[in-house]
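from the sequence below, what's the structure:
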Amino acid sequence: MTDNAPLDGLRLLVVEDEALVAMVLEDYLADLGCTVVGPASSIVDALALVRAEPLAFDGAILDVNLGRDPIDPVATALIERGVPFILATGDGGAAAGRFKAPILSKPFQFDALERIVRTTFVPSASSKAGKA
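A predicted model of the protein is given here:
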């Protein structure tokens, strides 16, 4: 495992309808030092969290489909608010192509999750230097 310091305090919304998958994701994110918001298991619950003021999270990990419902309304609401997100899918990402977002393949592998969380939600040292 790599240094977790940059992820400490990172708050991530988890939207996942499979309870066991949500628990694994929560455990992995906690091991990385992240705080999980949710998990939300429905479009309605996820949209309520996205539309809350003030926003309670820094980014999100979204299951591409919640049952038969595509995640599109939640992804669109996050885009409108400028919140980065990762799409989680077990179908190879075909359904995720509607949004320009990183894809996390199911079943989750800890190292792959850590890599995608770092590259999506943590600014790189080079982008920090450019802003200084």
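
which element is the residue most central in space within the chain on?
Residue closest to the average C-alpha location in the chain (C-alpha atoms, centre = their mean): residue 61, at 1.8 Å. Assessed by DSSP states H and E, residue 61 sits inside strand 59-63.

now do that strand: which elements does it pack against?
strand 11-15, helix 72-81, strand 85-89 (3 or more C-beta pairs under 8 Å, 6 or more residues apart in numbering; DSSP states H and E). Where you see a C-beta, it was placed from the backbone N, CA and C, and this is true even at glycine.

do you know how far the residue nearest to residue 106 when sequence neighbours are not counted is from residue 67?
The shortest distance from residue 106 to any non-neighbouring residue, by C-beta to C-beta, 6 or more residues apart in numbering, is to residue 90 (3.8 Å). Distance, residue 90 to residue 67, by C-beta to C-beta, to the nearest Å: 14 Å.

more crowded one of these two?
With neighbours defined as other C-beta atoms under 10 Å, residue 90 and residue 67 compare such that residue 90 has more, 15 against 11.

ranges for the helices of the protein?
19-31, 43-50, 72-81, 110-121, 125-131 (DSSP state H).

let's have those helices in CSV, adding mean pLDDT and distance to residue 56.
Shown next, in CSV, are the helices of the chain (pLDDT from 0 to 100; distance: least, C-beta to C-beta, whole Å):
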stretch, mean pLDDT, distance to residue 56
helix 19-31, 95, 15
helix 43-50, 96, 7
helix 72-81, 95, 12
helix 110-121, 95, 15
helix 125-131, 43, 25
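
noted, bye for now.
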